[in-house]
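Asker: got a predicted model here, sequence first, then my questions.
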Amino acid sequence: MDAVEEEPANGDPLVVALTGPRQVEVLRSPRAAIPPGHVRVRTLYSGISAGTELTLYRGTNPHLDRRWDPDRRLFVDEAAVSAYPNTVWGYSEVGEVVELGSDVDDALLGVTVWGLWSHSGEVVLPVEKIDGRVLPAGLDPLAGTFARVGAVALNAVLAADVHIGETVAVFGQGVLGLIATQLTLGSGAEVVAVDGIEARRKQAAAFGAAHVLDPVADDVGERIKELTGGRGADVCIEISGAYRALHEAVRGCAVGGRVVAAGFYQGDGLGLRLGEEFHHNRVQIVSSQISSAPLAIAQRWSPERLHRTVIDLVAAGRLDVLSLVSHVVPAPLAADAYALLDADPASALQVVLDFRPEPAIELRSAS
């Protein structure tokens, strides 16, 4: 049975387009037809990634000037296909099912689902794409925007292979780092949180980090050694994407310890000196990337399981993500949202676009 809702009062749905470095436009896209076996989801909220997504906004993403060859899994020195205009970016969405195609269970009409689509006012998806992605009853829809970013942090913690009683230093206390800090604490480890922004250090301490370090004021590698009686951290998770932070993670790591490089690093590795502690202390550096869990557990931990685990932890009250939302911005003001994240990271943590009907007309704090 088909169930069709009336055309929204504001016409065709909004879509956020990145049209060039630091250029954002909010357009309208024609409403797509809904085939059998599909659902129409009207977006409520869409989170902006302050890491990978901002590299496209700033024009520093490696895909902009080199081509990724998926068969050889190499970046090659060939002109990349232009990434602009880009209307498919964005992967932290939550919305309401407002229309069903034929052959779809009527019970899905009106449910709230989380997923990975784009900064668009609505999307048409195969029903399989929302299977297992219904938001738990009573959970604030804003929490649904953390499935993907939370999965990135969870993947890094899994790669760290944290054990009870270990000391883990987490470099970067933005959204990903603060989630990684909570997950690491939940694994029974002691956390040393590192970030240059005071408010983020305070938040990490509020979550339970035993120590917080300022990379501007502290010799971080040396301080971690002091805090661990000279041993160093058992594991360091570098999730800020800064090469200097990666170097300090290596410096602060124990002999034979592990550094998880989970940030999205840009350009040449300035500040990373591999002939020093990395070489002499036999530190292992492993990469964490959301397309796959660590190889040893990839058979059991699919990306889908990572996403669902984050939502389950939030619903169970074991992971706090709502306190990380610093701004909810009406979707028509998306350009302001990107500019805020780009220019003022000290005040902007997780910025979320609000696609609900008749949102507020100016930036507002979620708190």
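Answerer: Sure, I can see it.

Asker: from now on I want contacts and neighbour counts done on CA atoms only, so please keep to that.
Answerer: Noted.

Asker: the stretch 51-200 of the chain: helices as residue ranges?
Answerer: 52-58, 147-160, 175-186, 198-207 (DSSP state H, counting those that start in this stretch).

Asker: V191 - how many residues pack around it?
Answerer: Neighbourhood size, V191 [other C-alpha atoms under 10 Å]: 26.

Asker: residues in contact with it?
Answerer: V191 makes contact with 167-170, 181, 184-185, 208-211 under the criterion C-alpha atoms under 8 Å, 6 or more residues apart in numbering.

Asker: what pairs with it across the strands?
Answerer: For V191, the beta-bridge partners under DSSP bridges are V168.

Asker: pipe the helices of the stretch 51-200 of the chain into JSON lines and attach mean neighbour count per row.
Answerer: Converted to JSON lines, the helices of the stretch 51-200 of the chain look like this (neighbours: other C-alpha atoms under 10 Å):
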{"stretch": "helix 52-58", "mean neighbour count": "19"}
{"stretch": "helix 147-160", "mean neighbour count": "26"}
{"stretch": "helix 175-186", "mean neighbour count": "25"}
{"stretch": "helix 198-207", "mean neighbour count": "18"}
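
Asker: turn those helices into CSV, including distance to D12.
Answerer: As requested, these are arranged in CSV below (distance: least, C-alpha to C-alpha, whole Å):
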stretch, distance to D12
helix 52-58, 25
helix 147-160, 27
helix 175-186, 32
helix 198-207, 39
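
Asker: tell me the one of the contacts of V191 nearest W114?
Answerer: Nearest to W114 among those is T181, at 23.4 Å by C-alpha to C-alpha.

Asker: quick revisit: of the helices of the stretch 51-200 of the chain, which is nearest E248?
Answerer: helix 175-186 (15.7 Å).

Asker: that closest one vs helix 198-207, what angle?
Answerer: For helix 175-186 against helix 198-207, the angle by axes from the mean of the first three to the mean of the last three C-alpha atoms, to 10 degrees is 20 degrees.

Asker: which residues touch helix 175-186?
Answerer: The set of residues external to helix 175-186 that reach it, using C-alpha under 8 Å, 6+ apart, is 149-150, 152-154, 156-157, 162, 168, 170-172, 190-191, 193, 203-204, 207-209, 239-240, 319-321, 324, 349-350.

Asker: count of residues packed around H280?
Answerer: H280, neighbours per other C-alpha under 10 Å, totals 11.

Asker: with A217 instead?
Answerer: Using other C-alpha under 10 Å, A217 has 8 other residues around it.

Asker: from here on, count from 31
Answerer: Got it, the first residue is 31 from now on, which makes the last one we talked about A247.

Asker: now do the SS call for it.
Answerer: coil (DSSP: H, G, I helix; E, B strand; the rest coil).

Asker: distance of it relative to G226?
Answerer: Here the criterion is C-alpha to C-alpha, to the nearest Å. By it, A247 lies 9 Å from G226.

Asker: just G301 next, same as before
Answerer: Distance from G301 to G226, by C-alpha to C-alpha: 17 Å.

Asker: quick one, which of those two is more surrounded?
Answerer: In terms of neighbours (other C-alpha under 10 Å), G226 is the more surrounded of G301 and G226; the figures are 17 against 13.

Asker: how about that one, nearest residue that isn't a chain neighbour?
Answerer: D244 (5.1 Å; C-alpha to C-alpha, 6 or more residues apart in numbering).

Asker: mind listing what that neighbour touches?
Answerer: Contacts of D244 by C-alpha under 8 Å, 6+ apart are 224-228, 231, 250.

Asker: from these, pick the one nearest S317.
Answerer: Looking across the contacts of D244 and measuring by C-alpha to C-alpha, the closest to S317 is V224, at 19.3 Å.

Asker: so that closest one makes contact with R231?
Answerer: Yes. Assessed by C-alpha atoms under 8 Å, V224 is found in contact with R231 at 7.1 Å.
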